[in-house]
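A.B. asks: I'll drop the sequence and a predicted model, then ask my questions.
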Amino acid sequence: MDSSVISDANRRIIRISSHLLPPSNLQMGEEIDRCGLRREICRAKGAAPGSKVAILGAAGGIGQPLALLMKMNPLVSVLHLYDVVNTPGVTADISHMDTGAVVRGFLGQAQLEDALTGMDLVIIPAGVPRKPGMTRDDLFNINAGIVKTLCEAIAKCCPNAIVNLISNPVNSTVPIAAEVFKKAGTFDPKRLLGVTMLDVVRANTFVAEVLGLDPRDVDVPVVGGHAGVTILPLLSQVKPACSFTDKEIDYLTDRIQNGGTEVVEAKAGAGSATLSMAYAAVKFADACLRGLRGDAGIVECAFVASQVTELPFFASKVRLGRGGVEEIYPLGPLNEYERVGLDKAKKELATSIQKGVSFIRK
Ligand SMILES: NC(=O)c1ccc[n+]([C@@H]2O[C@H](COP(=O)([O-])OP(=O)(O)OC[C@H]3O[C@@H](n4cnc5c(N)ncnc54)[C@H](O)[C@@H]3O)[C@@H](O)[C@H]2O)c1
Ligand SMILES: O=C(O)C[C@H](O)C(=O)O
């Protein structure tokens with residue numbers, strides 16, 4: 001056997017001259033690639049056991065710090081970084097970090113399927129961000145097509161992966177993803193989660209400021225969706241138990257609902273939240289990975305297929321486990337202020353969900 005070796009940043013490739021080894025002859029840490037090369041994944045040998053995670057849109061404003069933080073996560077054994085630009089540089093950079101996860105980069109549509117094959121968790125921050133004066137729905141025309149393409153590839157290459165969808169407008173992109181998976185016959189509502197964690201992170205921060213507490217000790221459920229009035233903080237259910245004046249409730253509700261716009265305006269045309277979003281995405285992905293590992297009692301808010309209201313999708317607290325979303329919790333008792341907010345949220349959500357569904361069914 002010709003054993004000439006080609007090295008690159010992440011793997012050693014052993015060329016096999018005239019025949020392919022059948023998969024059953026493969027050793028631990030080896031695979032046959034499309035060119036008939038037996039690849040020895042060098043660093044995977046030393047890597048800790050864990051989950052395989054892909055980030056789609058990994059070279060972007062969210063993608064880069066998200067990749068950095070996921071490379072630091074001990075639950076990750078393999079980290080695939082996919083984008084249509086700049087992944088070689090981001091991958092080379094991140095791969096020098098002396099943490100356990102093996103990092104591989106994938107550039108452009110031709111490498112999308114390789115990026116996804118075998119993944120346990122796929123995180124999607126691909127797509128354009130807002131500029132001042134735009135709503136999240138203004139991103140629909142570009143991001144809907146991006147999410148469709150990526151989800152078609154997920155359905156083909158890793159239909160059992162948990163999907164964390166960040167790309168806006170989340171209230172429409174999650175229904176788009178669901179329709180793509182339904183069309184492909186792979187839809188599992190337990191495995192598709194719209195990421196609304198940033199709303200919870202913001203709510204915890206702003207409420208802690210008002211109460212004079214450490215934000216790490218505060219837990220604010222935020223339900224509904226991820227845009228304007230669909231972001232509904234349940235301030236009557238804050239832990240630790242507390243009360244607010246009417247003025248505080250107006251201030252907090254408005255600030256939590258418009259936290260994204262606050263960042264968009266401060267960045268003045270240079271994009272939307274990226275660093276706090278990467279933090280929130282990693283917090284959420286880590287919860288999903290702990291669920292996959294079988295940890296008990298992992299509860300976070302997420303925008304999922306739901307029967308909590310009459311709408312087909314809704315964000316609320318969910319329990320995460322080996323299969324993804326194991327349980328969806330009801331909203332609990334709402335006060336009059338929250339009931340009014342819920343009605344407004346549902347009206348806007350119904351339109352956004354339908355827009356996503358129609359994009360695929362058209
Ligand atoms: N869910 C949330 O809470 C939340 C928070 C912040 C931002 N977002 C959304 O996340 C998205 C990304 O924001 P950003 O600031 O990182 O934007 P960005 O422009 O900095 O990065 C987006 C990345 O996606 C890549 N991309 C574009 N088309 C692609 C495709 N077909 N396949 C793979 N990658 C592709 C781009 O090349 C770019 O690297 C936006 O839609 C934004 O609105 C959501
Ligand atoms: O506001 C945006 O456009 C980005 C994101 O949805 C956010 O909440 O920060």
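C.D. replies: Structure received. As the structure is a computational prediction, the values presented were derived from the model and not from experiment. Numbers count the residues shown, from 1 in each chain. Ligands and ions are numbered 1, 2, ... in the order given.

A.B. asks: Looks like I166 contacts I123 (just checking).
C.D. replies: Yes: if you go by CB atoms under 8 Å, I166 and I123 touch, sitting 6.9 Å apart. Just so you know, the C-beta spots here come from the backbone N, C-alpha and C atoms, and that holds for glycine as well.

A.B. asks: Between those two, which contacts overlap?
C.D. replies: In terms of CB atoms under 8 Å, 6 or more residues apart in numbering, I166 and I123 are both contacted by the residues A281.

A.B. asks: Quick check: bridge partners of the most centrally placed residue in the chain?
C.D. replies: Closest to where the C-alpha atoms of the chain average out (CA atoms, centre = their mean) is N164, at 2.9 Å. Bridge pairing for N164 (DSSP bridges) gives the partners I123, L193.

A.B. asks: Now find how far off-centre stretch 110-127 is within its chain.
C.D. replies: Remark: stretch 110-127 is offset 12 Å from the chain centroid, using CA atoms, centre = their mean, to the nearest Å.

A.B. asks: now swap in stretch 59-79 and tell me
C.D. replies: Centre-to-centre, stretch 59-79 and its host chain are 11 Å apart (CA atoms, centre = their mean).

A.B. asks: Is there contact, residue-wise, from that stretch to ligand 1?
C.D. replies: Yes: Stretch 59-79 reaches ligand 1 (CB under 6 Å from any ligand atom) through 59-63.

A.B. asks: Apart from its chain neighbours, what residue comes closest to L139?
C.D. replies: Excluding the flanking residues, the one nearest L139 by CB to CB, 6 or more residues apart in numbering is N168, at 5.0 Å.

A.B. asks: In contact with the one you found, which residues are there?
C.D. replies: 127, 129-130, 136, 139, 143, 226-227.

A.B. asks: Looking at these, spot the one nearest Y329.
C.D. replies: Minimum distance to Y329 across these is 18.2 Å, recorded for H226 (CB to CB).

A.B. asks: so who does the closest one touch?
C.D. replies: For H226, the contact set (CB under 8 Å, 6+ apart) comprises 136, 168-171, 194-196, 199, 303, 315.

A.B. asks: Kindly recompute the last result at 7 Å.
C.D. replies: 170-171, 194, 196, 199, 303 (CB atoms under 7 Å, 6 or more residues apart in numbering).

A.B. asks: Most neighbours among the residues you listed, please name it.
C.D. replies: Highest neighbour count within the contacts of H226, by other CB atoms under 10 Å: N171, with 32 neighbours.

A.B. asks: so what's the residue in the chain that ligand 1 sits nearest to up against?
C.D. replies: Proximity to ligand 1, evaluated over the chain using CB to the nearest ligand atom, is greatest for G60 at 2.1 Å. If you count contacts by CB under 7 Å, 6+ apart, G60 has them with 83, 125.

A.B. asks: Against D295, how distant is it?
C.D. replies: Separation of G60 from D295 (CB to CB, to the nearest Å) stands at 30 Å.

A.B. asks: For the one residue in the chain that gets nearest to ligand 2, grab the count of nearby residues.
C.D. replies: The chain approaches ligand 2 most closely through G260 (2.2 Å), counting by CB to the nearest ligand atom. If you count neighbours by other CB under 10 Å, G260 ends up with 24.

A.B. asks: is it true that it touches T274?
C.D. replies: No: G260 lies out of contact with T274 (CB atoms under 7 Å); the separation is 11.5 Å.

A.B. asks: Output the residues of stretch 59-79 next to ligand 1 in CSV; the columns should cover pLDDT and distance to D114.
C.D. replies: Shown next, in CSV, are these (pLDDT from 0 to 100; distance: CB to CB, whole Å):
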residue, pLDDT, distance to D114
A59, 98, 17
G60, 98, 20
G61, 98, 25
I62, 99, 22
G63, 99, 18
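
A.B. asks: re the thing from before, which of the contacts of N168 come close to ligand 1?
C.D. replies: Filtering the contacts of N168 for proximity to ligand 1 (criterion: CB under 6 Å from any ligand atom) leaves 127, 129-130, 139, 143, 226.

A.B. asks: Show me which residues of this structure sit near ligand 1.
C.D. replies: 56-57, 59-63, 83-85, 125-130, 139, 143, 146, 149-150, 166-168, 170, 195, 198, 226, 271-274, 277.

A.B. asks: Show me the subset of these that also lies near ligand 2.
C.D. replies: For ligand 2, the contacts drawn from the residues of the chain next to ligand 1 by CB under 6 Å from any ligand atom are 129-130, 168, 198, 272-273.

A.B. asks: Enumerate the residues of this structure near ligand 2.
C.D. replies: Residues of the chain lying near ligand 2 by CB under 6 Å from any ligand atom: 129-130, 136, 168, 198, 259-260, 263-264, 272-273.

A.B. asks: Most neighbours among those residues, which one?
C.D. replies: For these, the largest number of neighbours (other CB under 10 Å) sits with N168, at 27 neighbours.

A.B. asks: what about that one, which helix or strand?
C.D. replies: Assigned by DSSP states H and E, N168 belongs to no helix or strand.

A.B. asks: measure it to I162 for me?
C.D. replies: 20 Å.

A.B. asks: thinking again about what came up before, need the contact list for the residue of the chain closest to ligand 2.
C.D. replies: Neighbouring residues of G260 by CB under 7 Å, 6+ apart: 272-273.
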